[in-house]
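S.K.: sequence first, predicted coordinates after that:
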Amino acid sequence: MNQALREPSFRESVDLMFNRAVAVMDLPPGLEEKIRVCNATYTVRFGVRLRGRIHTFTGYRSVHSEHMEPVKGGIRYAPVVNQDEVEALAALMTYKCALVETPFGGSKGGLCIDPREYEPDELELITRRFAYELAKRDLIHPAQNVPAPDMGTGEREMAWIADQYHRMNTTDINANACVTGKPPHAGGIQGRVEATGRGVQYALREFFRHPEDVASAGLAGTLEGKRVIVQGLGNVGYHAAGFLSQEDGCRITAVVERDGAIIDDAGLDVERVRHWIAQHGGVKGYPDAQFVFEGISVLEKECDILIPAALEGVITRDNAPRIEARLIIEAANGPITAGADEILRNKGVVIIPDLYANAGGVTVSYFEWVKNLSHIRFGRMQRRQEESRHQLIVDELERLSADTGIGWTLSPDFKEKYLRGAGELELVRSGLDDTMRGAYQAMRAVWHARDDVQDLRTAGYIVAIERVAKSYREKGI
Ligand code: GLU
């Protein structure tokens, strides 16, 4: 292959993006390298007896930066997991956590496995053994390293990991905080499953609150009616597409999946598509839509917003020149290679970068971790008190209206909404929304204030690196 056109590896891509940001920063000598490098990656090979023989599995847990502890990041189950990928993802976690102000360093784990090839009881054995290997080295620990779901894992795996840690640490009162993304009935928090998709929606809403930014993407107006293409209808893509179409009036004009893509310019019904995939294993055969076997080519179809929500490295130097979207929001980690990023920027495409766009997951993980450490559900103390104070106002307004003869009546809908005190889900959503708004505003301030910063990604890295650098400086390193 022509060396000049070689795509960088995922980790090299992240480093190139990092370098672009530090080139316009003024960091003390040597600090740039300290922040960029991955502190340590642990590789473990372990055996599990299944189906009458021993199967050996390879897993990783990479710790990118311990400027804050615990370190945080998901555990991915996929056949292609490798050290380069896990280190790239761990680095992204450092920058992501800094950007959205969750008090964690960055980490990531992975297990080379195709989870679809195993029965649930086999996956449980494998997960427990992997968790044991990591926990005995403090690579799962409420104060040191707190995993979470990622591609190929979910609430079920997190519940097994939490239980395994409990068994190994029976007197640790904070054991539940050793992992996030647990089911709500097993120490989890409401709204975590949907959090990354919800974060993508909140990110887009915030972007569209700034007409200047919208115009720089060559778009206008609000999210209403925008044509959206989604790649990957997994947990993140499904929730993002569902919320955007049901709550913001977006039209999902294409869904790209593993086995091909489906197109309907009038707008696909996300729930129906998801149901079809669950029943048939892919999008092929979905009625009332055009099927395209070469799914990846549909990323090049004209649309307003492209949401890559599957794997890294799907937009490369090869297909970037043909991408027609005006705005790309990276719901996945690293879907655009460094080379493709440059091509797209030169074309004037606005990219809402991964370290911000998909940070909703770790944000709600932070809330879950805090909930576990405080041993109390959010809203438990104040909900009814809030309701009774609201009731006082409603009663007073109604009394005034009656006494003065004004004859106001409060609509039942207003009363219902106003009187209801915030429960856990409302508080999680409010905290997530606030986080996504604040982080976007921090990025855009740098984007607009500096002539040497042309894009949101560089701006996001600058904000994140400055915060990490500050914490290293405070530590005296
Ligand atoms: N795996 C998710 C991510 O890449 C979530 C990490 C977490 O919640 O710690 O951001």
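M.R.: That came through fine.
S.K.: all contacts plus neighbour counts: C-alpha atoms, from now on.
M.R.: Noted.
S.K.: helices of the stretch 51-200 of the chain, start to end?
M.R.: Using DSSP state H, counting those that start in this stretch, the helices assigned to the stretch 51-200 of the chain run over residues 83-99, 120-135, 155-168, 195-207.
S.K.: quick one: buried residues of stretch 147-163?
M.R.: 147-163 (16 or more other C-alpha atoms under 10 Å).
S.K.: what average pLDDT does it get?
M.R.: For stretch 147-163, mean pLDDT is 98.
S.K.: for residue 218, the count of nearby residues, please.
M.R.: Residue 218 has 14 neighbouring residues, counting by other C-alpha atoms under 10 Å.
S.K.: which residues touch residue 21?
M.R.: 458, 459, 461, 462 (C-alpha atoms under 8 Å, 6 or more residues apart in numbering).
S.K.: can you lay out those residues as JSON lines showing pLDDT, neighbour count and secondary structure?
M.R.: What follows is the contacts of residue 21, written out as JSON lines (pLDDT from 0 to 100; neighbours: other C-alpha atoms under 10 Å; DSSP: H, G, I helix; E, B strand; the rest coil):
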{"residue": "458", "pLDDT": "98", "neighbour count": "23", "secondary structure": "helix"}
{"residue": "459", "pLDDT": "98", "neighbour count": "25", "secondary structure": "helix"}
{"residue": "461", "pLDDT": "98", "neighbour count": "26", "secondary structure": "helix"}
{"residue": "462", "pLDDT": "98", "neighbour count": "26", "secondary structure": "helix"}
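S.K.: closest to the ligand among those residues?
M.R.: residue 461 (15.6 Å; C-alpha to the nearest ligand atom).
S.K.: for that closest one, which non-adjacent residue is closest in space?
M.R.: residue 21 (6.0 Å; C-alpha to C-alpha, 6 or more residues apart in numbering).
S.K.: quick one: name the residues of the stretch 301-450 of the chain near the ligand.
M.R.: Counting by C-alpha under 6 Å from any ligand atom, the stretch 301-450 of the chain comes close to the ligand at 359, 361, 362, 365.
S.K.: what's the longest helix in this structure?
M.R.: helix 424-449 (DSSP state H).
S.K.: before we move on, back to that, check the residues of the stretch 301-450 of the chain next to the ligand and tell me the two furthest apart.
M.R.: Within these, 359 and 365 form the most distant pair, 9.9 Å apart (C-alpha to C-alpha).
S.K.: quick one: contacts for the residue nearest to the spatial centre of the chain?
M.R.: Central residue of the chain (C-alpha atoms, centre = their mean): residue 358, 2.9 Å from the mean position. For residue 358, the contact set (C-alpha under 8 Å, 6+ apart) comprises 196, 197, 199, 200, 330, 331, 332, 333.
S.K.: in CSV, list the residues you listed along with neighbour count, distance to residue 9 and pLDDT.
M.R.: Shown next, in CSV, are the contacts of residue 358 (neighbours: other C-alpha atoms under 10 Å; distance: C-alpha to C-alpha, whole Å; pLDDT from 0 to 100):
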residue, neighbour count, distance to residue 9, pLDDT
196, 27, 25, 98
197, 29, 26, 98
199, 30, 27, 98
200, 31, 25, 98
330, 24, 18, 98
331, 33, 19, 98
332, 26, 16, 98
333, 23, 13, 97
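S.K.: picking up where we left off before, taking helix 83-99 as reference, get the angle to the longest helix of the chain.
M.R.: The directions of helix 424-449 and helix 83-99 differ by 90 degrees, with axes from the mean of the first three to the mean of the last three C-alpha atoms, to 10 degrees as the criterion.
S.K.: which strands and helices sit next to helix 424-449?
M.R.: helix 195-207, helix 354-357, helix 360-374, helix 456-475 (3 or more C-alpha pairs under 8 Å, 6 or more residues apart in numbering; DSSP states H and E).
S.K.: just the ones you listed: most buried one?
M.R.: Highest mean neighbour count among those (mean count of other C-alpha atoms under 10 Å): helix 354-357, with a mean of 27.
S.K.: remind me which residues of this protein are low pLDDT?
M.R.: Filtered on pLDDT under 70, the chain yields the residue ranges 1-5, 477.
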